[in-house]
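Asker: With the sequence up front, the predicted model follows.
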Amino acid sequence: MQTAKKLAHKPVKKQANKELRLITNKRKQSISLGFVVVILTILSVAILFNAVQQTLVTQNAIEIENLQEILSEEQAYNQKLGIEAAQLKSLDRIQEIALGKLGMVVPNKVRYVKISDDNIKNKLAMRNNPHEKFDN
């Protein structure tokens, strides 16, 4: 009977209850649950931020592609205008308009006027550049 009494010893049972209370501390569970919630929130925000960034990158890539297409069209148009300007400046075209529409004629001979008088040369020079002084 003494052996049965030793097995049913109550202090051993109380000691076991104390150990169980230490293991199942509610405060430690709430801290670990709060920590998990914070980590999950941070991960959710990071994933959302990454998705927003990817969307912005994709939108910018599409916009860049559209702008490059517009740039190539404008460059082609600019080149077309350059060719058209060169055609309009053509001496043959100008001569054709001068002779045909304006009624001008090509001179038979080009005449040059030679000025030998120094007084006349100075007057012409003063007329071309009035701020400069010339000796008479």
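Answerer: Looks like it came in fine.
Asker: and residue 98, how many neighbours does it have?
Answerer: Neighbourhood size, residue 98 [other CB atoms under 10 Å]: 13. Glycine gets a C-beta too; all of them are placed from N, C-alpha and C.
Asker: pretty sure it is in contact with residue 92, am I right?
Answerer: No: under the criterion of CB atoms under 8 Å, residue 98 is not in contact with residue 92, lying 10.8 Å apart.
Asker: average model confidence for whatever helix or strand residue 120 lives in?
Answerer: Using DSSP states H and E, residue 120 falls within helix 118-128. Across helix 118-128, the average pLDDT comes to 75.
Asker: Please put the alpha-carbon coordinates of it into PDB.
Answerer: Coordinates of each C-alpha in helix 118-128 appear next as PDB, following Å, rounded to 0.1, in the frame of the first residue of the first chain:
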ATOM      1  CA  ASP A 118      38.000 108.000-106.800                       C
ATOM      2  CA  ASN A 119      35.400 110.600-105.800                       C
ATOM      3  CA  ILE A 120      32.500 108.400-107.100                       C
ATOM      4  CA  LYS A 121      34.000 105.300-105.400                       C
ATOM      5  CA  ASN A 122      34.100 107.100-102.000                       C
ATOM      6  CA  LYS A 123      30.500 108.200-102.400                       C
ATOM      7  CA  LEU A 124      29.300 104.700-103.200                       C
ATOM      8  CA  ALA A 125      31.300 103.300-100.300                       C
ATOM      9  CA  MET A 126      29.700 105.900 -97.900                       C
ATOM     10  CA  ARG A 127      26.300 105.000 -99.200                       C
ATOM     11  CA  ASN A 128      27.000 101.300 -98.400                       C
END
